[in-house]
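Colleague: sequence plus the predicted model coming up.
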Amino acid sequence: MTAESVARCGLDDNGLIAARIAALAAVDAPASSYLIHVGVAVDAGVTVEQVQDILIAVAPIIGTARTLSAAAKITDALGVVIVALEAELDAGEQA
C-alpha cells in the first residue's frame, strides 16, 4: 500500500512526509511508526522546525493529548536514531 500511495500521490517528497507525520499524530501512532519515516524525512529535507510546525498546525484538530504524545514519540524515535548513529561511529573508529 505504501508504494502504491507514493506512486499515485502528486505531492513532493517533503509534502508527502509532512502529511504522513500529521496522520501519524492524528492516530496516536507508536514511536516505531515515526522511526520508519526518519530516513525518508531526512532525505526529503524535512527539518525539526517543520515537524514542530506540523504539530502546531494539527494541534487544534487532534487535541493537546495527541499532540504531546506525538512529540514524545518523535523524540523517542530520534533518540533511537542518534544512539544507532553513535554506535556506528564508535564501531568505525575501532576498526
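Modeller: Now that the structure is in, tell me what you want to look at.

Colleague: and residue 81, how many neighbours?
Modeller: Residue 81 has 14 neighbours, counted by other Cβ atoms under 10 Å. The way it works is simple: take the backbone N, C-alpha and C, and place the C-beta from them, glycine included.

Colleague: can you point out the helix or strand that includes the closest residue to residue 70 other than its chain neighbours?
Modeller: Once flanking residues are discounted, residue 70 sits nearest to residue 25: 3.7 Å by Cβ to Cβ, 6 or more residues apart in numbering. Secondary structure from DSSP states H and E places residue 25 in helix 13-26.

Colleague: give me the contacts around that helix.
Modeller: For helix 13-26, contacts defined as Cβ atoms under 8 Å, 6 or more residues apart in numbering pick out 6, 9, 11, 33-34, 37, 40-41, 43-46, 50-51, 54-55, 57-58, 61-62, 66-67, 69-70, 74.

Colleague: same thing but at 7 Å, please
Modeller: 6, 9, 11, 33-34, 37, 40-41, 44-46, 50-51, 54-55, 58, 62, 66-67, 70 (Cβ atoms under 7 Å, 6 or more residues apart in numbering).

Colleague: that one - what's its average pLDDT?
Modeller: Taken as a whole, helix 13-26 carries a mean pLDDT of 93.

Colleague: quick one: buried ones out of the contacts of helix 13-26?
Modeller: For the contacts of helix 13-26, a burial check counting by 16 or more other Cβ atoms under 10 Å picks out 33-34, 37, 41, 44, 46, 50-51, 54-55, 58, 62, 66-67, 70.

Colleague: among those residues, which one lies nearest to residue 83?
Modeller: Comparing the buried ones among the contacts of helix 13-26 against residue 83 with Cβ to Cβ places residue 34 closest, at 15.0 Å.

Colleague: need the three-state assignment for that closest one.
Modeller: Following DSSP: H, G, I helix; E, B strand; the rest coil, residue 34 is assigned to helix.

Colleague: about what we covered before: among the buried ones among the contacts of helix 13-26, which one lies nearest to residue 82?
Modeller: For the buried ones among the contacts of helix 13-26, the nearest to residue 82 is residue 34 (13.6 Å; Cβ to Cβ).
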